[in-house]
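Participant: Build me a structure from this.
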Amino acid sequence: MDTAHPMDPSGAAVQAEAAQLRETAAACPVLLPGGVPGTVISRHRELRDFLADPKVAKNARHFAAYQRGEIPAQWQLNAFALVNGMTTADGDDHRRLRGLASKAFTPRRVAALRPWIERLTGDLLAALPERRDADGVVDLRRWFAYPLPMGVICELLGVDPAYRDRLHGLTHRLVSTSSTAADAMAAQAGIHEVLARVVADRRAAPGEDLTSALIAARGESAAEGRDGESGADTAERLSDEELTGTLLLMIVAGHETTLNLITNAVRALCGHPEQLALVLAGEVGWDAVVEETLRWDSPVANFPFRYPTTDLVVDGVTVPRGTPVLAGYAAAGRDPREYGPDALRFDVTRTGTRHLAFGHGAHYCLGAPLARLEAAIALRDLYAAHPGLRLAVPGASLPPLPGFIGNSVAALPVHLG
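Facilitator: Okay, the predicted model is just below:
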């Protein structure tokens, strides 16, 4: 291609942009905010292979433009590139950090959360009628799709409820590519400030939560290193920066994505009443709705960043070494090369579907089973309580979520029916 596609930082038409990229090439050169050159991998097979390629790294030491000093100190996407944690680690560092965090997401621990998630869902549903305005409209995203996953991930991490709304506001600004660079950096600083308080709280009063477990692992490992019992293998297994970076990842990935998933599923069902009828009749399960939503309207449109460690050829297009690459999940989810001529159709009866919404390879999302559980419970209980739920405005008029990273709408006004 002769020219790079400038990514729309407003996110005004994420799916249209994804389709344009997908049908142009499997690997599309793009311009990121600030005119930084990058690439989006936009087709299913090529993205799957790219995500699992050992010649692709996550750490910014492989980000060529950053290493050359060409990336501004204040850049909207610095938090994704430079955070020190599991999401930007490679090799042994990644395995170490993932091993520590994975203890919170074992099948047994996720299954044990089911009664708690069901209680929280019930409480939120009971309060919904009181959230209606004078016209009988309630913003389902604000009062249901958001507090459920935020409550769950904060329970897992041991985050005091007093911090939750502030963390959500800050992470929303962080992932919004329509934010100014200064605002994004201020949001990052604010998140680190809140997380420092969370860590201090848990150090003072440890509990049965992941933050306490990570603090304990760090303390025990440092002590082992000082005693000389395990040497470099255990000393500083989790630095303070890695602890904060891992918590940041958990907060963002643990609620923003599931918030979008629940929102997108309800929006899809409202727009496809014949599909909803199949589910309400018991012909299709809620798990199928979740999987089709993940494919058809991925909660994440384009996730930053990965870097080829050598020049990489993707379906005839060379991606130069060190290029920041976005994983184009929204584009890949509707790729007709993978899903056939009806790839653009929302179809809960679709069988044998494999999608990439949770990633692929070594960085596959740890929280995928939890997100699936939360969304299935949320949808099941929401429609059991309000089977006649409908949008209060035309679907086309719903305001898009700002930015090209997340993929959803900023509000979901509905009549409960």
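
Participant: What is the burial count for residue 88?
Facilitator: Close neighbours of residue 88, defined as other CB atoms under 10 Å, add up to 24. In short, each C-beta sits where N, CA and C put it, glycine included.

Participant: just checking, what packs against whichever strand or helix holds residue 183?
Facilitator: Counting by DSSP states H and E, the element that carries residue 183 is helix 181-204. Helix 181-204 is packed against helix 78-82, helix 164-175, helix 210-227, helix 240-251, with contacts defined by 3 or more CB pairs under 8 Å, 6 or more residues apart in numbering; DSSP states H and E.

Participant: what packs against the first one?
Facilitator: Helix 78-82 sits against helix 181-204, strand 303-308, with contacts defined as 3+ CB pairs under 8 Å, 6+ apart.

Participant: what does the next helix or strand after the shortest one contact?
Facilitator: Right, the one you point to is strand 303-308. Proceeding N to C from strand 303-308, the next assigned helix or strand is strand 312-314, under DSSP H and E. For strand 312-314, contacts defined as CB atoms under 8 Å, 6 or more residues apart in numbering pick out 26, 27, 41, 46, 50, 53, 55, 56, 318, 319, 321.

Participant: Dihedrals phi and psi, residue 32?
Facilitator: When read as degrees, to the nearest 10, the backbone of residue 32 gives phi -90, psi 170.

Participant: ok, for it, nearest residue in space, not its chain neighbours?
Facilitator: Nearest residue to residue 32, sequence neighbours excluded (CB to CB, 6 or more residues apart in numbering): residue 38, at 4.7 Å.

Participant: Residues touching the helix or strand that contains the one you found, excluding its own?
Facilitator: Here residue 38 is covered by strand 36-41, with elements defined by DSSP H and E. Contact partners of strand 36-41, identified using CB under 8 Å, 6+ apart, comprise 4-5, 7, 21, 26-32, 47, 50, 65, 70-71, 75, 77, 302, 305, 314, 319, 323-328, 331-332.

Participant: Would you mind checking those for buried ones?
Facilitator: Buried by 16 or more other CB atoms under 10 Å: 5, 7, 21, 26-30, 32, 47, 50, 65, 71, 75, 77, 302, 305, 314, 319, 323-328, 331-332, out of those.

Participant: For stretch 274-289, buried residues please.
Facilitator: Within stretch 274-289, the residues scored as buried using 16+ other CB under 10 Å are 275, 276, 278, 279, 284, 286, 288, 289.

Participant: Now do the residue nearest to residue 32: how many residues are near it, please.
Facilitator: Using other CB under 10 Å, residue 38 has 23 other residues around it.

Participant: Kindly report the same for residue 241.
Facilitator: Other residues lying near residue 241 total 12 when counted by other CB under 10 Å.

Participant: Residue 202 now?
Facilitator: Counted with other CB under 10 Å, residues neighbouring residue 202 total 22.

Participant: can you check residue 259 too?
Facilitator: With neighbours defined by other CB under 10 Å, the count for residue 259 comes to 27.

Participant: quick one: which helix or strand includes it?
Facilitator: Here residue 259, judged by DSSP H and E, is contained in helix 257-271.

Participant: So which bits of that helix are buried?
Facilitator: Across helix 257-271, burial judged by 16+ other CB under 10 Å covers 257-270.

Participant: I'd like the average pLDDT over stretch 195-207.
Facilitator: The average pLDDT within stretch 195-207 is 92.

Participant: now what about it, what contacts it?
Facilitator: 157-160, 163, 209, 211-212, 215-216, 243-244, 247-248, 251.

Participant: Now stretch 387-394: average pLDDT?
Facilitator: Stretch 387-394 carries an average pLDDT of 97.

Participant: Give me the buried positions along it.
Facilitator: Neighbour-count burial for stretch 387-394, with 16+ other CB under 10 Å as criterion, is recorded at 389, 391, 392.

Participant: Now the second one. Nearest residue, chain neighbours left out?
Facilitator: Right, the one you point to is residue 391. Residue 391's closest residue in space is residue 270 (CB to CB, 6+ apart), at 4.7 Å.

Participant: again, but for the first one
Facilitator: Spatially, and ignoring its direct neighbours in sequence, residue 389 is nearest to residue 417 (5.1 Å; CB to CB, 6+ apart).

Participant: Tally up the residues packed near the one you found, please.
Facilitator: Neighbour count for residue 417, taken as other CB under 10 Å: 11.

Participant: hang on, residue 378 packs against residue 121?
Facilitator: Yes: in this structure, residue 378 is within contact of residue 121 by CB atoms under 8 Å, at 5.8 Å.

Participant: Please report how far residue 265 lies from residue 143.
Facilitator: Using CB to CB, to the nearest Å, residue 265 is found at 16 Å from residue 143.
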